[in-house]
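> how would this look folded up:
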Amino acid sequence: MRAGLAPRAKTIPVSCGIDRQLAHVIPICGATRNFFYEARLLLVMTKVDAAALVPSKEILTRLYQLTDSEARLARMLAAGRSLKDSALLLGISYGTARSYLVRIFRKTETNQQSELVAVLKTTAQISVIHQ
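Model (predicted):
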């Protein structure tokens, strides 16, 4: 964690045989650390599961710092829609959807749409605890 910058979560793919999991390393800041015995990081392991639910917008914005527009597109892709259909439903051009997708790839550290969808579906297993 660098001084002056907000800490960011990091997702790391972990493979063990045919099972694929993701390790989500989540910084713990401020008063929240009291709940975790002053820990600075939380490690959450999730299994990549194609049948998992679509993640909430709140999870996507908190975990990956996606904008509202990026999160809406990401949720549509996770629900099985194509990029072209998603753009149409969102009322944006295919080119705009493509540029959102490139930014989503960068923020989620993925390189392919299929990999992104797998990560997003796994992320849906994480729930937000309201304080």
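> and stretch 61-68, C-alpha only, in PDB?
In PDB, the C-alpha atoms belonging to stretch 61-68 read as follows (Å, rounded to 0.1, in the frame of the first residue of the first chain):
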ATOM      1  CA  THR A  61     -17.500  -1.000  -7.600                       C
ATOM      2  CA  ARG A  62     -15.900  -1.800  -4.200                       C
ATOM      3  CA  LEU A  63     -13.800  -4.800  -5.200                       C
ATOM      4  CA  TYR A  64     -12.600  -3.700  -8.700                       C
ATOM      5  CA  GLN A  65     -13.300   0.100  -8.600                       C
ATOM      6  CA  LEU A  66     -15.500  -0.200 -11.700                       C
ATOM      7  CA  THR A  67     -17.600   2.800 -12.600                       C
ATOM      8  CA  ASP A  68     -21.400   2.500 -12.600                       C
END
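> which helix in this structure has the most residues?
Among the segments of the chain that qualify as a helix by DSSP state H, the longest is helix 94-108.
> pLDDT on whichever helix or strand comes after that one, on average?
Next in sequence after helix 94-108, counting helices and strands by DSSP states H and E, comes helix 113-123. Mean pLDDT, computed over helix 113-123, is 88.
> look up the pLDDT of the residue of the chain positioned farthest from its centre for me, please.
The C-alpha centroid of the chain is most remote from Tyr37, which lies 25.9 Å away (C-alpha atoms, centre = their mean). pLDDT for Tyr37: 77.
> ok, longest strand in the chain?
Secondary structure of the chain per DSSP state E: the longest strand is strand 19-27.
> ok, residues contacting the helix or strand just after that strand?
Remark: after strand 19-27, the chain's next helix or strand is strand 41-47, criterion DSSP H and E. Contacts to strand 41-47, defined as C-beta atoms under 8 Å, 6 or more residues apart in numbering, come from residues 14, 19-28, 36, 122-123, 125-126. No exception for glycine: its C-beta is placed from N, CA and C like everyone else's.
> buried residues in strand 41-47?
By 16 or more other C-beta atoms under 10 Å, the buried positions in strand 41-47 come out as Thr46.
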